[in-house]
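> 3D model of this:
(4 chains)
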2 protein chains.
Amino acid sequence: MPPKPKTEIERQHLRTLIIDAARELFISRGVEAVTMREIAKRIDYSATSIYHHFEDKESLIRAICDTDFLALASSLITILQLPHPVERMHALGSGYAAFALSHPNHYRLMFMTEHPPIDPALSSLKQNNAEQDAYFQLKSVVKDVHDAGYFRPDLHDVDLIAQTVWAGIHGVCSLQITMAQDTWVNWTDIAARLDLMQQMITHGLLKDEFKSVKKLKQKDWQ
Amino acid sequence: MPPKPKTEIERQHLRTLIIDAARELFISRGVEAVTMREIAKRIDYSATSIYHHFEDKESLIRAICDTDFLALASSLITILQLPHPVERMHALGSGYAAFALSHPNHYRLMFMTEHPPIDPALSSLKQNNAEQDAYFQLKSVVKDVHDAGYFRPDLHDVDLIAQTVWAGIHGVCSLQITMAQDTWVNWTDIAARLDLMQQMITHGLLKDEFKSVKKLKQKDWQ
DNA sequence: ATATTTACTTAACAGTGTTAAATTAACAGC
DNA sequence: GCTGTTAATTTAACACTGTTAAGTAAATAT
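Take a look at the predicted model:
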């Protein structure tokens, strides 16, 4: 009922109101089960109002993804301060998996659903920024491991290594998210699967003498 | 226009007509983009007819998945005749990935979308059958590798190993399917990623002396 | 010839994302 | 104080979805 020329700050207010309501609903029930009308009702606006802040449902989803990509990168930032590069790589995997498994509906949205290609101008995220870009974080850490000479001598392509490590952790998480309910397979403990994947990564990529994170610790700073 | 008490075989005819039409549309455009009315139009029936053979869209999808799980297992069956267990494990990974990447919309449906839990009585597939159950194929091969003593001595749980190997290959494929279009990441060649994952699997799980498939071949049957 | 069964269709329902056309309220200029 | 303009928001509607109730028509059984 109250229209008024609003300041930019006031405009943003409804925008974040929508985003927060939508996120909460999307998290708990998944994007497809949640209706634009339902999001609107949650914040006592009409569904049409949403369309004054977002072109369509997909853009709303996109905006939420953007803030969550940032959240992911933020949740991993402290890991980058660990002293040993191999330890950082390992911890990044664990941190990423913790995010995925504790926010499965978010994770599904971010990494298991195809979206139209991003217009980087439209996204608020800064690429190649250690605070905002989780892929850049991984790549940096992989580069550190490489520069310190821990990888097997035939491994040179930092992007290739980073993407394969990512794929390994992502595989464990995404399989868990979509298939854990399935009774066809006799699923083992998710923690054990994640741990074995981490072993596969270190044993599979590092030189023989640096395979164990524990050994590394003793060797390098004890 | 022509109703007639049909024989069981004739009843099946429309059923497979529906499945084939639906599969073709689902493959090319994904299940969400395809409408029940559209499937019906494709075979010159009304949408309602589909509901005489399938309870709802989800059951139709399920029926298609079932035949495709069978197709996957069939496409992998010859691999089981390779002489060396490690070679079999490697080839199973490659074959699985070939299926995933050449039928991405199918793969998405089968392994990247959550479905209500299967009623095993309702499914036509036989579990723990080498011809019909791809997970059983993988598990068998992993067991062979284990029994032949190729795995590192601390690896015992065949299900755990199989599921982690699966997760690795699945991670590469699913990331490729959903994210390959994304320009945020500088994607490397999918073949290289797959190859490095295979290396991670062998180097990560096998005893040092059996790491290379090539070496195995020379050593064991040349 | 009538009734029944079977195969199928038309018409409709309740819901979806989305948009065109109001409505309402604040402001600016006279 | 009235006007016109603009911005914020809503109501009503559109085109479409999966799904179902109520038919219709042809073959068989009695």
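
> hey, let's count contacts and neighbours off CA atoms from now on
Noted.

> quick one: secondary structure of the residue lying closest to A:Gly93 once chain neighbours are set aside?
For A:Gly93, ignoring the flanking residues on the chain, the nearest one in space by C-alpha to C-alpha, 6 or more residues apart in numbering or on different chains is A:Ile169 at 6.4 Å. What DSSP: H, G, I helix; E, B strand; the rest coil gives for A:Ile169 is helix.

> I'd like the distance between A:Ile169 and B:Ala148.
28 Å (C-alpha to C-alpha, to the nearest Å).

> returning to what we had before: close enough to count as contact, the residue nearest to A:Gly93 and B:Gly171?
Yes - assessed by C-alpha atoms under 8 Å, A:Ile169 is found in contact with B:Gly171 at 7.4 Å.

> follow-up on the earlier one: show the model's pLDDT score for the residue nearest to A:Gly93.
You'll see A:Ile169 listed with a pLDDT of 99.

> burial count for it?
27 (other C-alpha atoms under 10 Å in any protein chain shown).

> so who does it touch?
Neighbouring residues of A:Ile169 by C-alpha atoms under 8 Å, 6 or more residues apart in numbering or on different chains: A:93, A:96-97, A:194, A:197-198, B:168, B:171.

> what's around A:Trp187, how many residues?
Around A:Trp187 there are 16 residues (other C-alpha under 10 Å).

> same check, this time on A:Ser140
Count around A:Ser140 with other C-alpha under 10 Å applied: 20.

> And chain B, is whichever strand or helix holds it touching that?
For A:Ser140, the element it lies in under DSSP states H and E is helix A:134-147. Yes - using C-alpha under 8 Å from any C-alpha of the partner chain, helix A:134-147 reaches chain B at A:Tyr135.

> Find the centremost residue of chain A, please.
Residue closest to the average C-alpha location in chain A (C-alpha atoms, centre = their mean): A:Leu72, at 4.9 Å.

> gap between A:Val145 and A:Ser75?
With C-alpha to C-alpha as the criterion, A:Val145 and A:Ser75 are 21 Å apart.

> for A:Ser124, same thing?
18 Å.

> and the two? which has more neighbours close in?
It is A:Ser75, of A:Ser124 and A:Ser75, that has more neighbours when counted by other C-alpha under 10 Å, with 17 against 12.

> Excluding covalently adjacent residues, which one is nearest to the more buried one?
In space, A:Ser75 is closest to A:Gly95, 7.7 Å off (C-alpha to C-alpha, 6+ apart).

> Hmm, that neighbour is touching A:Thr78, no?
No - contact criterion C-alpha under 8 Å: A:Gly95 and A:Thr78 do not qualify, at 10.3 Å.

> of these two, who's got more company?
Between A:Gly95 and A:Thr78, A:Gly95 has the larger neighbour count (other C-alpha under 10 Å), namely 16 against 12.

> and the more buried one, what element?
Going by DSSP H and E, A:Gly95 is in helix A:85-102.

> In that helix, which residues are buried?
Going by neighbour count (16 or more other C-alpha atoms under 10 Å in any protein chain shown), the buried part of helix A:85-102 is A:85-97, A:99-101.

> Thank you kindly, that will do.
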